[in-house]
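J.: with the input below, show me the fold.
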Amino acid sequence: MQYILPIINVIIVLNAVAAVITVFRDRRDIAATWAWLLVLIMIPVVGFIAYAFIGRKLPKNRLFRLKKETQIRLEQMIQRQRDELGSDLMPADAVTSSVRGMVSLFLNSDGALLSRKNRVKIYTDGHKKFHDMFQDIEAAKHHIHIEYYTFYNDKIGNDLLHLLERKAAQGVDVRVLYDPWGSMGTFRSFFKHLEELGGHARPFLGARSAVLDFRLNFRDHRKIVVTDGRVGYVGGFNVGDQYLGRDKKFGYWRDTHLRIVGSGVFELQERFIRDWNATDTEHRIIPNTEMFPVIKVKGHTSLQIVSSGPDNDGQQIKMGYIKMIMTAQDHLWIQSPYLIPDDSVLDAIRIAAMSGVDVRIMVPDKPDHAFVYRATQYYARELAEAGVKIYYYNNGFIHAKTMVIDGQVASVGSANMDFRSFKLNFEVNAFLYDTVLAEELEAAFLEDQALSSLITVQDFKDQSNWLKFKQTFSRLLSPIL
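T.: Have a look, this model is predicted:
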């Protein structure tokens, strides 16, 4: 017995040393560093198992380095787009003076071109979104590019797959990129017949399945569809029956998605090509004019497609969110299923609210991930104390990732208001400079607000001590959730 205590002390010391070596082996921000040290030291064995799943960094050889030929062709297509748009990358008639700084931010940080005169349609219901998307896929003559975090082997997934098989049989170039973790239960064999017909389907970055891919971070959270380089889709809906409200657990599924017709599709196309070529080095896409056609439509929307991910330290979408928050003069309305902001975003929202801006944030009234939801509740309570109006959506599950300010500028995409979307996952958003679309999104927010509960500071105070403890504990892990 006299040797047990010294042995335990040695184990504790060795575990602490292993934790320090493990965490400091990779460069990460201070908050994540301390969070991981806490987990590895306080929960010795389980902590290291958790680290194997969600702590490891993405290997450098898996990042997005394009072959020189592909890079040159992409640059040629981009230059062609600039020639079509004109030499002025930010004409006075495209954006107001108040948002010119935002356009410059994305030009400088992500190379995101300002695309003008697009036709954009907003979807808040999955049935309407899939109906129109299926029609556009049916009409495709040259290629169909699809990229989803979730592509389930269920009714809507099989309906889409069979449509893609028909198009592949017609000679259309069909490519599907899916995330194996987000598409849990969908195996390579699901796409076997599509590939027999000449189509291609690949798990993101080459992982064979979620079972063999232990990394929970660095997921392809993007949702992109491009048909013939002319029509593009981007937003929050994935491919699965639950996104059509067919899951009893979640009920009605409220999300937001966009259909874009115009040169704004070029940026979605470029993003897909980069993601595909990083995944499949054998069947690379060589960009051509069929993928980047000259598009002239009678639209009124100026927009930028912005991507971010762990392959780039810029956190471009997060910077866009902060810029929008700090630009708001009258009101700022946010919808997100997860509310776990880092300090920079948290401070920006606080400053806006304490400056007299009408800040409203809408989150679900039910969890889909326990720890994440408790952390969301913690930050909701903190922001409510700063004057932010917090709404719990009661009509099912809200999965929309939207932000709109002053009826002028809006963002719709895949990025949540959390650490994971800011720096751990691959995301894509459309930033819209259009008062008509901004007002339409605001009207949708007000409709959702009528189906939501305003949670006051007193409501948070009345919560049980046990619930507050779970929220506070979850908050400690928020940098790695």
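
J.: residues contacting residue 305?
T.: Residues in contact with residue 305 (Cβ atoms under 8 Å, 6 or more residues apart in numbering) are 112, 115, 234, 264, 267, 268, 271, 428, 429, 430. Using the backbone N, CA and C atoms, a C-beta is placed for each residue, glycine as well.

J.: OK, contacts around the fourth one?
T.: Put plainly, it is residue 264. Neighbouring residues of residue 264 by Cβ under 8 Å, 6+ apart: 115, 118, 120, 232, 301, 303, 305, 430.

J.: most surrounded residue in those?
T.: Neighbour tally across the contacts of residue 264 (other Cβ atoms under 10 Å): the maximum, 30 neighbours, falls on residue 303.

J.: wait, doesn't it sit right on residue 260?
T.: Yes - using Cβ atoms under 8 Å, residue 303 is in contact with residue 260, at 7.4 Å.

J.: and for the two, which residues touch both?
T.: Residues touching both residue 303 and residue 260 by Cβ under 8 Å, 6+ apart: 118, 120, 430.

J.: could I get the full set of strands for the stretch 301-450 of the chain?
T.: Along the stretch 301-450 of the chain, counting by DSSP state E, counting those that start in this stretch, strands occupy 301-308, 331-335, 339-340, 358-364, 389-393, 397-398, 402-405, 409-413, 417-418, 427-433.

J.: mind listing the strands the longest one pairs with, and their directions?
T.: To tie it back to what came earlier, the one meant is strand 301-308. strand 115-123 (antiparallel), strand 427-433 (antiparallel) (DSSP bridges).

J.: and the closest residue to residue 379 other than its chain neighbours, how close does it get to residue 327?
T.: Leaving aside its chain neighbours, residue 379 sits nearest to residue 339 (5.1 Å; criterion: Cβ to Cβ, 6 or more residues apart in numbering). In this view, residue 339 and residue 327 are 20 Å apart by Cβ to Cβ, to the nearest Å.

J.: just residue 426 next, same as before
T.: Computed as Cβ to Cβ, the residue 426 to residue 327 distance reads 26 Å.

J.: what of residue 311?
T.: 27 Å.

J.: re earlier: need the strands of the stretch 301-450 of the chain in JSON lines with mean pLDDT, can you?
T.: Listed next are the strands of the stretch 301-450 of the chain as JSON lines, based on pLDDT from 0 to 100:
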{"stretch": "strand 301-308", "mean pLDDT": "95"}
{"stretch": "strand 331-335", "mean pLDDT": "98"}
{"stretch": "strand 339-340", "mean pLDDT": "95"}
{"stretch": "strand 358-364", "mean pLDDT": "97"}
{"stretch": "strand 389-393", "mean pLDDT": "98"}
{"stretch": "strand 397-398", "mean pLDDT": "96"}
{"stretch": "strand 402-405", "mean pLDDT": "98"}
{"stretch": "strand 409-413", "mean pLDDT": "97"}
{"stretch": "strand 417-418", "mean pLDDT": "94"}
{"stretch": "strand 427-433", "mean pLDDT": "97"}
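
J.: which one of those strands lies nearest to residue 460?
T.: Counting by Cβ to Cβ, residue 460 lies closest to strand 389-393 out of those; the figure is 8.5 Å.
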